Each structure stands twice: as C-alpha cells, then as structure tokens.
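Colleague: Here is the input, now give the coordinates:
(chains A, B, C and D)
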Amino acid sequence: MLTKLQNIDKRIIYILVLLAIIIPLVSPMGIPFSINATTQAVFDKIDSLPDGSTIAIGIDYSPGAAPQIHPQAKAVLNHLFYSKNVKILFTSIATTGPMFTNQLLDEIAGHDKVYGTDYIHLGYLPGVETAISAFAKDFYKAFPVDETGGNIADFPIMKDVKSAADLDAMLVFTASEPSQYVRQIQGAYGVPLAVGINSVIVSTNMPYVNSGQMFGLMNGLRGAAEYEVLSERPSEATASMDALSFTHMIVLAFIIIGNISWFGTRKDKEGV
Amino acid sequence: MLGTVGTWLAAIGTLAMMSFAWRENPFYRAFEHIYIGIGAGHATVMGWQNIQSNLIRPLQVDRHFLSLVPLVLGLLLYTRFIKGQAYLSRYPIAVLVGVGTGLTLRGTVGSQLVEQVKATMIPLNNINNIILVLGTTATVLFFYFTAKKSNKAMGVTSKIGRYIMMIAFGATFGNAVMGRMSMMIGRVTFLLRDWLSIL
Amino acid sequence: MKSSTPVIVLTFIVGILIIAEFFLPGLNLANASNEVQNWGVVIAAFALGLAAVNLVRIHGRRIILRRSEWWNSALLLFFLFYMIVVGIIAGTDYIAYEFAFQNVMTPLGATMYAMLSFWIASAAYRAFVARSIEASILLISAAIVMLGNAPIGEAIWARFPALGSWIMDIPNTAAMRGIMIGAAIGAIALGIRVMVGIERGYLGGGNE
Amino acid sequence: MFIASGRVFTFFMLILLAIIIAYYIKRSREGYVPTIRPIAGLDAIEEAVGRATEMGRPVHYTPGIGALNGATAAMTFAGLEILSVVARTIARYGANLIVTIRQPTVLPLAEEVVKQAYMAEGAIELYNPDTVRYLSQEQFAYAAGVLGLLHREKAAANILLGAFWAESLVVAETGNSIGAIQIAGTARLTQIPFFAAACDYVLIGEELYAASAICSKNPIKLGSIAGQDIGKIIAVGLLVCGALLETVGISWLTQLLVK
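Modeller: Okay, the predicted model is just below:
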C-alpha cells in the first residue's frame, strides 16, 4: 500500500491539479486574502504621484508569462488612466512587448486620456540591457519614431522629457531580469523603480527591495489581485484566488503523501 | 468569424501542448514544430526591423556613415560559409563578446557585489539583522574553493551556508508554485471562458 | 588557422570602452560606447539569418530524405517562411501576422509555461521528502511559503503570510545575497579572463 | 570629478579584483597550482558520457538560453567552455552529441566549439554538422523543441549549463522522466531550486564559473580561482567590519561604499 503511494502515476497528479483549478473557477468560494507590503508600496507611490508627473512603463513580458503579469499591468493602468493625471511613456525591450502594450491599451479603453499628450507608445528597442541604457540616456536617439511611426519630437508629451533623468518613476513588468533596470535606470539615474514580476523571481529580487533599489514589487497573480483590491477595481485576478488556494493544497497533499510513504517504507529499505 | 476561428485554433493548440503531459504524441509533435517555426520566424522579422531602425534608417535618413561598420561586421558573420575565410566571422563575434563582457563587468561589480555588501552592513542589534549578516557570510564562504579539508571553521560555516541555502531554495520553490499555478489558471480560464463559454 | 591576437585585442578594446564610459565620464566616451553597443544590436540581428539557415538546412534535409515524420519539418518551414514573408512584406501589424501571433504563438507559449504547474507538482512530490536534515529544511521552508501565498493558508493560521514573508525577507535574502556576491566575483573573474584572452570559448575553444 | 560620483568605490573594487586575479594568474604562470575542492557535477560528466555510449543513446547539452550582449553573458561563456570539454570527451568515446541553441548569436560559437573539440581529438570524421541545432529564439518554443527532442532521441544524459529561466523545470523534469543522468548548473538564482529537485548534480552560482576553469585543467585558469577566493575574503571582511561598525553607531565605511 505505502509503496504504491511512493510511485503514484504522475498523470494522476496532473489531473488533480487541473480539477483544483476548474472546480473553484466554475463555483467560486471567495476566500479572503491580505495585502502584501510590497504591493501596498507600489500602490501608495503611484497613488501619491503629483499631477503632471512623467513615468515610464516597461512592458517586457512574453506570452508565457502573461497570465501572471498582464493582470498586474492592467490593474496598474486602470488606476493610472482612470484615477490619476500622469504622463506615461511605454517602452519595451522584449519583442512581444509592443503587442501586449497595444492589447493593454485596447483593454482599458474608455478613459479620457489622449495619445501623444498623456501617453505615448515608444515601441520596442532591441539589445536588452544595452537598449535600456540607450533609451535611459536619450529617448530621442533611442526612439526617433513612436510605435505609430510618428516623429516623437512632434508629440507634446515629449516636450519636457529627454532622458531617464526627467522621469519621476519607472514601472517594469517583466519575467526576466529586472536587475537590468536597477543598474541602468535606478542605479544610473536615481529614478524610483518598481516592478511587477512573476512569482518565481520574487525571491531573487527581494534584496533590491530591502536595499531600497526598488520601492515596491508585485508578486504574480496574487500581486495583481492585491492591486485590484487596493485600487477598488476587483477583476480577473481577484476571481482566480480560490483556484490558487486549491492547487496549493494539492501540492501540499502530495508532499505529505510522499513523506508518509517514505517513512512508512523506510524500515524495509533499512533491511535491504 | 475570424475571432471564432482564432479562438478554436488557440484552443486546439492549447490542448495539443497539454497532451504532452499525458504522453508524447503526434498531435504534440505537429504543434511543437509549428511553434518552433512561428517563433523563429517572428524572431527573424524582429531582427529585420532592428536592421531597419538601427542600420538602414541611420544610413539613409541621418547619413550616419559609421553604421557601415556594423553592416560589414554583420555580413562578416556569413563568411563562415566560405572555405578559408571563416576566421573573418570572429570579428563580429569579438564585438559581441566585448560588449557582453563590458556590460557584465561594469554592471555586476556595482549591483551584485558592492550594493549587496553595503546592504548587509547593518547594525547587529536584532535577530533579523544577525541572521542576515551571518547567513550572507556563511553562504559566501560556502563557495570558498581553495580551503583545506582539515579546516574545521570553514567546515562549520560552509554547513551553515548549505542550510541557509536550503531555506532559500525551499522558499523560492514554494513561492514559484503560486506563479506556475497562475499560468495554468490563465489557460484554463481561456478554455472555459473564451472557448467553451462556460464561465 | 589565422592568428587570434587581433580578435582578442578587439574584444579587449570594446570591453574596456564599455567599462570606461560607465565609470569615467571625464573621458567623454558616451557616444563611442553607444555606437559600439548599437553595433552589437545590429550584429545580433544579422545572426538571426544564420539561425534561419541552420533550421532550413536541418529540416530541409529531413524533408528531402523523407525521414520519419518529415511532414512536421515541412510544417515548421512553412510557418517559418509564412512569418518572415508576411512580417517583412506586410509588416507585423498586418492581420495575417497578428492572427498567427495571437492565436498560435501566444497560446502555445502560455500553455508551455502553464504546464510548469504539472511539473512543479510532480517535482515537489518526488523531491520534497525528509530524507536528511537538508531535505527537511527545504521541505518545511517550501511548505510555509506555500501556505503563506495561498489565501487558504491565512484561513488555517493567520500568521502564515507573515511567516512566509519573513522567510522570504530574511533567511532567503541572506542566502541569495551570499550566492549573488560569490557569483558576481565569479562572473568578474571570467569576464577578465575573456577580456585578456585566456578564456577563448568564443574562438572555438583552445587554451592559451 | 573624473570618476562618476556614486561609482568611485565600485570602480576601485573592480580594479582591485582585477589586480588580485591578475596576480594569481601571474603566479600560476610561474608554476603555482592551487588545490581546489572537487565539484561533484563535473566528475559526473565522464560517467554520463560513458553510460550514453554504452546505451547507444545521445547526450543532450545546452549552454543555456542567455544572450551574448547582456549581463548573463558570463554564464553563456562558462557553458561554452564546458561544452568544449564535454564535446572532447564525447568525441573520444564516439558517443552522439546534440547541442540545442536558443540565441542565434550563440549558434556560430557553439558550432565552432564542437568542431574544434572533435578536431582536437582527431575525430573530425565523426563530427556531424547537425550536432548543433538552433531551435527558436522564442523561449518556450525552444523548450517545446527540447522536450520533443529528449523524448524522440531518448537522451541518456542531459547537461544544462548556462543561464536559464522558467524553461529550466520543463527541461529538467522531462529529462528526469526519461531517466537521463542530469547535470545542471546556473548562476540564475531563481532556477537553482528546480535543478536541485530534478537533477542528479547541480552547480550552484559561482560553481558554474569555477567549473569552466576546473574542467579545462588549465593551471592559469585555476590560478584565477584562487584569486576569486581572495575576492570573497575581501567582500566578507568588508561586510563584517561594516556591520560591526554600524552596531556601535559608526557608518563611515557604509558611506564609503556609496561614494
């Protein structure tokens, strides 16, 4: 019996994980959750940006990471476009970034902000860290034209911004290497930086939060749900929290099963 | 109409990929190859756009003739197909390697060494700070490669280093569970809501 | 083989330029450094062509020789050329391009990523067994963080999120910092070895 | 000020490290060979190749998915260095090697490394131009390709050394399920736990960089490792002194670092 528990077919685990997602999505229970301090910090900073500030938003995730990060970006943009008067420059160092930026802008449509005056989509710049360092140095050189092909000097939003030194904050949504922005934006120009990232890279980025190099951080889908609650716009991320609970229970249950069976059969092993 | 076709296509692709978890099968193989093809094609198009904006535009519009240098370097990459001239392809590579090493050196010292050391220079007046300082020290010393085996002090610190790394690896793994599950929630939501309209 | 000295010298000069620009603004190297970094971007773009040649060679041969399941290689090449032709001629915002991007590439990528939920569950089941002190530490720390993340953990014990955050903030930060410091020194040493031409993997191996 | 403010200390730290490493390289040129503790994963490479040869199944190797012109470049270089040793071992045994590549810029390097390795072993006739395969620059398309490949080719060994992101667990868990011997290493901190859970041997952080020097058995590279150890002592010394000074309320050392 116990030996069987040690060698459960992986496919049974996979099916249970799927069920743990499907069932609560179909009939949600609404288990409450608390707000993490790092998400609160992102919200507080954005909420307190004075009118007329200029911020840059880096949309750097790929389709793979989108389910975790896209809801974060959407929650933040909803907050910015509907409750704040802040100028926003969208940039990207990921090939898939511009398409997600367009998708985000479509999804939050209905606001009164004007393209070119309140926000601008500068598009994609290749070269990864080199690209960040290049646009931080000079927006006009790095992005001579915006995503729509217009000369960026013709847009009123670009009038008083030349380089990263003119930014009041930068937010980056990425699943790869936020430290590049720490080096090139926060480190080089002292611009306050916050990131929305997928859960797995949170632990390696906590040192940057603790040392103050990042003023805040959003952790995966939960971070998105927290931001939705903070900005009083509960949406898709909030709805997924139950499924998150159940899948965690499945993983923990299998860890317990693995241990019980190992300890139960250990006697036999020692005999061998 | 096109939207519906798109959703069906996306749903079929999603199921094909997922079917790998059950077993490797022809359905998965077909979509694996489609995905590789599209991904590589997309990357090539992005590369073409880079050449447009960083090479052709500066040459044509700004008359920035220094851009001829990367043009030549880029073309030299292809000398590897010419017998006897393949060594020329090392020059563009040397530039790439130089840029990469330069960025590594200048970026790493500050943010991963000095900043981290500085962040750990904290007063030892509470248990958290003590754990931070001792834990960081022990972990760094775990990687000391030239220590003699007989060195007891090194043995103890490296053991503490191992334990504290185990805490970190467990935490990172546990924290990743949330992210990975979120991705599957995203896919299932797509199948149930956008495709089957159940939600 | 031609001498590799000029190549190493070139690597060294480019590397020093990038470093000097960062630390020594007095030298006014910013323009030169930007220019060279831009060259890197262009060269990387040219390399995509090499990569496409590799794909076409390997899969073209599979098709010509009618290797088993050659039709998969044909699918691959078809979609490769489809994207390249449509993307270059009509542009990436043309509907035929966006359609493939949004309905094939995006969902396939998201699904591959999502499958990690399966692998992570099976890996946890297999690996998180308290066989030794180290494995037990790993297991306990993972379990606490999971209970801290899932809203249901809060329902079980209100302090789980705080405990989970503490593990992430203190011991985890300590270990990650330690590894980071070590790895930084390792990367610097490797970087120096590359710049002075001791490490020549990029020249196709071989020692000094 | 000639040196950028805020980077003065960092600059001198880089110079100091460079001098120390150069000094040890010089010493090893004069015959000094440091004793270096073994790294378990490295010794396992030969065993893995041997097993693959016996079983008549290929070895899969990847130098990671990191780009050349970015901050993870060093990991890719380390991966390529070790590839040259692995490829030589494989050429010697006459086993079959498959190298998969995500970054187009890494492709020509990997091809060159493998070819040179076969030449060095006098086995150029065994070199197959399809050994090094570019899959796709799209991260998960690359991962999907590796999955299919591992399954179809039934790799006996799966060696992953370089910079990895989320695909690490996809590849390692599949390798585990087909029973391949797995050796993985990266300095990308977030991925180490997954390698630890699914692989037989893991090179953690700096071990990856050191491994490239150790497996080359080149005394000059080994010398630089002794230099790295001095660097660690300096870092720890600074850190401990700074913490102790902060404890008694003195913070000039902490301030010095931000100069």
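
Colleague: element containing the spatially closest residue to residue C:137 that is not a sequence neighbour?
Modeller: Take residue C:137 and drop its neighbours on the chain: the residue closest to it by C-beta to C-beta, 6 or more residues apart in numbering or on different chains is residue B:166, 4.2 Å away. Where C-beta positions appear, they are placed from N, C-alpha and C, glycine not excepted. Per DSSP states H and E: residue B:166 is located in helix B:152-189.

Colleague: what about the strands in the stretch 51-200 of chain A?
Modeller: For the stretch 51-200 of chain A, the strands defined by DSSP state E, counting those that start in this stretch occupy A:54-59, A:87-92, A:119-124, A:169-174, A:193-197.

Colleague: wait, which of those strands is closest to residue C:147?
Modeller: Set against residue C:147 and scored by C-beta to C-beta, the strands of the stretch 51-200 of chain A come closest in strand A:193-197, at 21.5 Å.

Colleague: Establish whether the closest one and chain B are in contact.
Modeller: No. Strand A:193-197 stays clear of chain B (C-beta under 8 Å from any C-beta of the partner chain), getting no nearer than 9.0 Å.

Colleague: Could you list the domains of the chain?
Modeller: With no chain named, the answer covers chain A. Listed domain ranges for chain A are A:2-26+A:243-271, A:37-233 (source: automatic domain parsing).

Colleague: Hmm, no, I was thinking of chain C.
Modeller: Split by automatic domain parsing, chain C gives C:1-89, C:91-127, C:130-169, C:175-208.

Colleague: winner for burial among those?
Modeller: domain C:175-208 (a mean of 26; mean count of other C-beta atoms under 10 Å in any protein chain shown).

Colleague: Let me know the pLDDT of residue 198.
Modeller: Using chain A. Per-residue pLDDT puts residue A:198 at 90.

Colleague: Chain C, not that one
Modeller: 87.

Colleague: and if you look at residue A:56?
Modeller: So residue A:56 comes in at 97 (pLDDT).

Colleague: again, but for residue B:148
Modeller: So, for residue B:148, pLDDT stands at 74.

Colleague: Then residue D:40?
Modeller: On the pLDDT scale, residue D:40 gets 85.

Colleague: rewinding a little: for the strands of the stretch 51-200 of chain A, which one ends up most surrounded?
Modeller: Most buried of the strands of the stretch 51-200 of chain A by mean neighbour count (mean count of other C-beta under 10 Å) is strand A:193-197; its value is a mean of 29.

Colleague: I would like the residues contacting that one, please.
Modeller: Residues outside strand A:193-197 that contact it (C-beta atoms under 8 Å, 6 or more residues apart in numbering or on different chains): A:41-42, A:45, A:69, A:72-73, A:76, A:169-175, A:178, A:181-182, A:185-186, A:205, A:213-220, A:223-224.

Colleague: Point out the other elements, helices or strands, that the lowest-mean-pLDDT helix or strand in chain C touches.
Modeller: Counting by mean pLDDT, DSSP states H and E, chain C has its least confident helix or strand at helix C:151-156, which shows a mean of 88. In terms of contacts (3 or more C-beta pairs under 8 Å, 6 or more residues apart in numbering or on different chains; DSSP states H and E), helix C:151-156 is packed against helix A:241-271, helix C:133-149, helix C:160-169.

Colleague: Quote the end-to-end distance of stretch D:118-137.
Modeller: 27 Å (C-alpha to C-alpha, to the nearest Å).

Colleague: count of residues packed around the closest residue to chain A within chain B?
Modeller: The nearest approach of chain B to chain A comes at residue B:186, 2.6 Å away (C-beta to the nearest C-beta). Neighbour count for residue B:186, taken as other C-beta atoms under 10 Å in any protein chain shown: 23.

Colleague: That one - nearest residue in space that isn't next to it in sequence?
Modeller: Spatially, and ignoring its direct neighbours in sequence, residue B:186 is nearest to residue A:67 (2.6 Å; C-beta to C-beta, 6+ apart).
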